[in-house]
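1. Here is the input, now give the coordinates:
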Amino acid sequence: ETFENELLYNFNYPICFNLSDHKAYGFSAPKDQQVVTAVEYQEAILACKTPKKTVSSRLEWKKLGRSVSFVYYQQTLQGDFKNRAEMIDFNIRIKNVTRSDAGKYRCEVSAPSEQGQNLEEDTVTLEVLVAPAVPSCEVPSSALSGTVVELRCQDKEGNPAPEYTWFKDGIRLLENPRLGSQSTNSSYTMNTKTGTLQFNTVSKLDTGEYSCEARNSVGYRRCPGKRMQVDDLNISGIIAAVVVVALVISVCGLGVCYAQRKGYFSTGTSHGKSRSKVGEVPHTFKQPDLKKTQSLF
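-> Next up is the predicted model:
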C-alpha cells in the first residue's frame, strides 16, 4: 500500500522503484500535465493514476496517435512491449525505452459500481531523450585567401536538439574569436545552434584540421577531422597566363594579316587563282565544250 501511495500521489519529484532488485526511473508532473521523461535504452514507468485496483477492475492501455494501438489488452502486453515491459498493478514498466516509444498513452480502468459501469482514464506523455549521432561535417579541402568560406555540421537524431562546437587541430574554437589569442583568425562567426562556422575573410592562418562536436543533455559525438588548406592568390601566375594569352592572340592576328596579303581570303575573280595556288583545282582541268553540251539538248 505504501508503494502504491507513492506511485499514485508523489509525482512532483523524481521517483525510483525497487522492484525485484531492479530500478526504474522516471519524472512525472501533476495529473493534468503528466509527462514522463526517459533516456533512450534505459527504463521508465508509465503510471496510471486511478483508484485502488480491485478484483473486478478491468484495465486497458493504448498508445494514441493517428491510429490507436493497444499496449495492454485482455490482461496481456501487446506487440513488442510483450518482450521488454511488465505490468506493476495498473502501471507499465518499460525496461528498454526506444525513441519510437515516445508519444501519448492512455490508461482506461472500468469497474462495476452501484450506478453501473464506472470508467476512469488517465493520459501520460512519454518523452524520450536521445544522444546525438556522429554529425555530418562539410569542410572544403582547399580555399583561396581572402574569400568567404563556410563549414557546416549537422546531427538529425539528438533530442533535445544538440548544440555544436568546432575544433581546429584538436583545440576548441571560441564562440567569440576576439577573446582568443592574437595568432587566431578573428573574422569567423560560429553559430552553435545551426552548426555553421563561417570565415568572412579566410587566411593562411586558418589552414588546419577541423572537426565538429554535437552535444546535448544526454551525450555528445564528434565527426572525424578534415583538413582545409588555404593558399594565397598566385598573382605572378595570373600575370604569366595573361601574357601567354596576349602572345597567342597577337600571333593569330599576324597570321590572319599574312593570309589576307596572300589573297587567301579574297573574293570574286581572284578566288580561282587563290584556289589554284593552294592546289584545290588541278592545272589539267578543262572547261567543257559548250557547243557539244548544247547539242545534246
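
2. what about residue 249, which helix or strand?
-> Per DSSP states H and E, residue 249 falls inside helix 235-261.

3. where do the helices sit along the stretch 51-200 of the chain?
-> Along the stretch 51-200 of the chain, counting by DSSP state H, counting those that start in this stretch, helices occupy 81-84.

4. so where's it shaky on pLDDT?
-> In the predicted model, the stretch 51-200 of the chain carries pLDDT under 70 at residues 51-55, 114-115, 178-186.

5. Show me where the stretch 151-297 of the chain has its strands.
-> Assigned by DSSP state E, counting those that start in this stretch, the strands in the stretch 151-297 of the chain fall at 163-168, 171-172, 188-191, 196-199, 208-215, 220-222, 226-231.

6. repeat for the stretch 1-150 of the chain
-> Using DSSP E, counting those that start in this stretch, the strands of the stretch 1-150 of the chain run over 15-19, 22-26, 35-39, 44-46, 58-63, 69-73, 76-77, 85-88, 91-94, 103-113, 116-129, 136-138, 142-144, 149-154.

7. which of the ones you listed sits most buried?
-> Mean neighbour count (mean count of other CB atoms under 10 Å) peaks for strand 44-46 among those, with a mean of 25. In this view, the C-beta of every residue, glycine as well, is placed from N, C-alpha and C.

8. List the pairing partners of that strand within its sheet, with orientation.
-> Applying DSSP bridges to the sheet, strand 44-46 is found paired with strand 91-94 (antiparallel).

9. Residues in contact with the strand it pairs with: which ones?
-> 7, 17, 19, 24, 38, 43-48, 61, 71-72, 77, 81, 84-87, 101, 105 (CB atoms under 8 Å, 6 or more residues apart in numbering).

10. returning to that earlier point: let me have the strands of the stretch 1-150 of the chain in TSV, extended by distance to residue 174.
-> Converted to TSV, these look like this (distance: least, CB to CB, whole Å):
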stretch	distance to residue 174
strand 15-19	40
strand 22-26	36
strand 35-39	30
strand 44-46	38
strand 58-63	45
strand 69-73	48
strand 76-77	51
strand 85-88	46
strand 91-94	42
strand 103-113	40
strand 116-129	28
strand 136-138	19
strand 142-144	21
strand 149-154	15
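
11. so what's the closest residue to residue 85 other than its chain neighbours bridging to?
-> Closest residue to residue 85 apart from its sequence neighbours, by CB to CB, 6 or more residues apart in numbering: residue 94 at 4.9 Å. On the basis of DSSP bridges, residue 94 takes part in beta bridges with residue 44, residue 85.

12. and residue 65, which of the strands of the stretch 151-297 of the chain is closest to it?
-> Each of the strands of the stretch 151-297 of the chain has some distance to residue 65 by CB to CB; the shortest is strand 208-215, at 28.3 Å.

13. now the closest one against strand 226-231, angle please.
-> On the basis of axes from the mean of the first three to the mean of the last three CA atoms, to 10 degrees, strand 208-215 is oriented at 140 degrees to strand 226-231.

14. Which strands and helices lie in contact with strand 208-215?
-> strand 136-138, strand 149-154, strand 163-168, strand 220-222, strand 226-231 (3 or more CB pairs under 8 Å, 6 or more residues apart in numbering; DSSP states H and E).

15. hmm, try it at 7 Å
-> Applying 3 or more CB pairs under 7 Å, 6 or more residues apart in numbering; DSSP states H and E, one finds that strand 208-215 contacts strand 163-168, strand 220-222, strand 226-231.

16. Now the last one: buried residues?
-> Buried positions in strand 226-231, judged by neighbour count with 16 or more other CB atoms under 10 Å: 228, 230.

17. Please identify the buried residues of stretch 214-234?
-> Under 16+ other CB under 10 Å, the buried positions of stretch 214-234 are 214-216, 218-223, 225, 228, 230.

18. Many thanks, I have nothing further to ask.
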